[in-house]
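S.K.: after the sequence you'll find the predicted model.
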2 protein chains.
Amino acid sequence: DMANPDEIAKQFVNFYYTAFDSDRTKLQNLYRDTSMMTFEDKKFQGTQAIVTHLTTGVQFKKVAHKVSTMDVQPSGTGGILVLINGEIKVDDGPNAMKFTQTFHLLSAAGQAGNFYVQNDIFRLNLS
Amino acid sequence: DMANPDEIAKQFVNFYYTAFDSDRTKLQNLYRDTSMMTFEDKKFQGTQAIVTHLTTGVQFKKVAHKVSTMDVQPSGTGGILVLINGEIKVDDGPNAMKFTQTFHLLSAAGQAGNFYVQNDIFRLNLS
């Protein structure tokens, strides 16, 4: 059993969006070579491909996330599943856009409490 | 390795929303006693609690889902992670509401290809 999935998820989500909005290079420690990211219609696997996209592949310079809801469940296979709904503003655009993001966090082998992102799916929720 | 997570997810999603919108009692075979469901602010565990809520706990009679985006990844632990964005109309309300739903599908032990819902998180995306 996991000590406190809600607390682990909360700390992860706080770190993730703070880093994303201030210094995206800090996100690299969250991924592993097995990690998968879907960012809108694009798919990436592995730390380097993921972080390269997040730092230089995206079209925006400035970004700000606001989390509206965070839901957490143990994933049934030792991980933690997180679903975020929120709003994102990019560059100097006046309008926030709704987004949805889900994460599957796994703990590093032999390192209880040291979680990384196995799955990351990000979608704007426009239509 | 899993034969085709995208195809499995597509068949699951088609079955799930067709059953949800026509006869919600058909959803019961998708869950197990370990299954967890978050439906807005409420949490349920196990087939009976989940299906009771979906059939008699919810406030609507008629419901129609429209899927806008479906994203799929292997969950890294033998399962399949699915993220849905879409719109839902309930009863005779004129307006569709945006929703987000994530599923973690696991295959029944010794029954490759026979997937059930370990995790189900549903959120309206209103704000």
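M.R.: Thanks, I have the structure now.
S.K.: what's the angle from the host helix or strand of residue A:83 to strand B:80-90?
M.R.: For residue A:83, the host element (DSSP states H and E) is strand A:80-90. Between strand A:80-90 and strand B:80-90, the angle formed by their directions is 60 degrees, by axes from the mean of the first three to the mean of the last three C-alpha atoms, to 10 degrees.
S.K.: residue A:115 and chain B: what is the separation?
M.R.: From residue A:115 across to chain B, the span is 12 Å (C-beta to the nearest C-beta, to the nearest Å). For glycine as for every other residue, the C-beta is placed from the backbone atoms N, C-alpha and C.
S.K.: since we're on the closest residue to that residue other than its chain neighbours, how many residues are nearby?
M.R.: Distance criterion C-beta to C-beta, 6 or more residues apart in numbering or on different chains; nearest residue to residue A:115, sequence neighbours excluded, is residue A:105 at 4.4 Å. Here the number of neighbours of residue A:105 (other C-beta atoms under 10 Å in any protein chain shown) works out to 22.
S.K.: ok, now residue A:38?
M.R.: Neighbours of residue A:38 using other C-beta under 10 Å come to 20.
S.K.: one step back: right, is the strand holding residue A:83 up against chain B?
M.R.: Yes. For strand A:80-90, a contact with chain B is found by C-beta under 8 Å from any C-beta of the partner chain, at A:81, A:83, A:85, A:87.
S.K.: just the buried ones from the residues you listed, in PyMOL syntax?
M.R.: Restricted to buried positions by 16 or more other C-beta atoms under 10 Å in any protein chain shown, the PyMOL selection for those reads:
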select buried, chain A and resi 81+83+85+87
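S.K.: in a markdown table, list the residues of strand A:80-90 next to chain B along with pLDDT and distance to residue A:5.
M.R.: Compiled in a markdown table, the residues of strand A:80-90 next to chain B are given as follows (pLDDT from 0 to 100; distance: C-beta to C-beta, whole Å):
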| residue | pLDDT | distance to residue A:5 |
| --- | --- | --- |
| A:81 | 98 | 9 |
| A:83 | 98 | 13 |
| A:85 | 96 | 18 |
| A:87 | 95 | 25 |
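S.K.: part of a helix, is residue A:19?
M.R.: Yes. Judged by DSSP: H, G, I helix; E, B strand; the rest coil, residue A:19 forms part of a helix.
S.K.: do you know how far it is from residue B:90?
M.R.: Distance of residue A:19 to residue B:90, given as C-beta to C-beta, to the nearest Å: 38 Å.
S.K.: just residue A:108 next, same as before
M.R.: Distance of residue A:108 to residue B:90, given as C-beta to C-beta: 43 Å.
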